[in-house]
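> Predicted coordinates and the sequence they were generated for:
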Amino acid sequence: MGNNLNERKQRLYRVNNVMFWVTLVSGVAYVVWLIIVGQRSTVEVVFRGFQFVTMLLVLSFPVFVRRRLKRDLPIELYVLLILFCFASLVLGGGLDFYGRFPWLDTVLHFFSGLLLSMLALWFMHVIMGKDEKYIYQNKYFLCLFVVMFSLGVGALWEMTEYVIDIILGTNLQQFILRKTGAIITPEDIPLCGQEALADTMKDLVIDLGSSLLVAVYVFIRHDKVLARYQATDSVNG
């Protein structure tokens with residue numbers, strides 16, 4: 001059992017290293033292309049490069065968790081995390097897939113709600129430790145925590161987009177009538193009133209919807225989870 005777990009971890013580390021070099025090489029090559037061949041603005045070069053740098057930071061997240069929390073992320077959860085971040089940061093923001101495929105942002109926000117909800121359950125497990133069984137006894141609180149965690153991180157992400165838009169003059173929150181990416185051009189038209197808020201609110205509603213799906217699953221499966229803890233207590237007792 002231990003050998004199988006160590007082997008899975010080694011595979012995960014190899015995948016992590018491959019993703020690191022793919023991100024680094026593709027990021028450097030793309031930024032150089034933007035500067036030399038693409039003839040893009042400084043803002044766009046900085047913005048695209050920032051996406052690749054952020055992905056490299058994400059790839060260091062398991063090391064941070066291991067050192068600070070003395071835990072390893074579940075392998076399945078980590079794989080989903082790096083795949084999502086690669087699609088969002090490298091493909092979506094770095095290579096401008098968001099501009100080429102406008103629907104990609106909506107799809108990734110849906111999956112982000114699911115992923116954040118699963119992270120919420122894992123954090124609950126790590127923070128509470130042996131006492132997590134008492135949290136699981138209250139399925140209403142558990143479901144509420146899953147939804148609030150997902151919404152909270154989603155709101156923090158929207159605030160991050162707001163700050164980046166202010167600093168770099170980008171259009172991450174889609175307050176400009178432009179469907180070809182995050183970089184604003186002189187021809188773009190600012191939206192007014194609720195139209196300027198539509199993208200932000202749509203993202204938060206999607207985060208809410210996908211986290212509610214996980215909460216419903218947790219609610220339905222609650223009794224089986226609690227029974228597992230009770231069985232464990234009986235054996236230990």
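Happy to help now that I have it.
> Output the lowest mean pLDDT helix or strand found in this structure.
helix 132-136 (a mean of 59; mean pLDDT, DSSP states H and E).
> Next secondary structure element downstream of it?
helix 139-168 (DSSP states H and E).
> Could I get the full set of strands for this structure?
176-177, 189-190 (DSSP state E).
> which one of the ones you listed is the most hemmed in?
Most buried of the strands of the chain by mean neighbour count (mean count of other C-beta atoms under 10 Å) is strand 176-177; its value is a mean of 16. (Each C-beta comes from the backbone N, C-alpha and C, glycine too.)
> Mind listing residues that contact it?
Contact with strand 176-177 is made by Ile184, Asp188, Ile189, Pro190, Leu191, as judged by C-beta atoms under 8 Å, 6 or more residues apart in numbering.
> which of those sit farthest apart?
For the contacts of strand 176-177, the farthest-apart pair by C-beta to C-beta is Ile184 and Leu191; their separation is 12.1 Å.
> Could I get the average pLDDT for stretch 141-148?
Stretch 141-148 comes out with an average pLDDT of 88.
> do stretch 66-77 as well
Here the average pLDDT along stretch 66-77 is 74.
> how deep is Arg100 tucked in, by neighbour count?
12 (other C-beta atoms under 10 Å).
> what's the answer for the one 4 residues further on, then?
Residues lying near Leu104 (other C-beta under 10 Å) number 16.
> And stretch 164-182, how far out from the chain middle?
Its chain's average C-alpha position is 20 Å from that of stretch 164-182, according to C-alpha atoms, centre = their mean, to the nearest Å.
> For it, list every residue counted as buried.
164-165, 168, 170-176, 178, 181-182 (16 or more other C-beta atoms under 10 Å).
> repeat for stretch 36-51
Those would be Glu44, Val45, Phe47, Arg48, Gly49, Phe50, Gln51, for stretch 36-51 by 16+ other C-beta under 10 Å.
> Distance to Leu83 for these - can I get that in JSON lines?
JSON lines is the format used below for the buried residues of stretch 36-51 (distance: C-beta to C-beta, whole Å):
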{"residue": "Glu44", "distance to Leu83": "26"}
{"residue": "Val45", "distance to Leu83": "26"}
{"residue": "Phe47", "distance to Leu83": "22"}
{"residue": "Arg48", "distance to Leu83": "20"}
{"residue": "Gly49", "distance to Leu83": "22"}
{"residue": "Phe50", "distance to Leu83": "20"}
{"residue": "Gln51", "distance to Leu83": "16"}
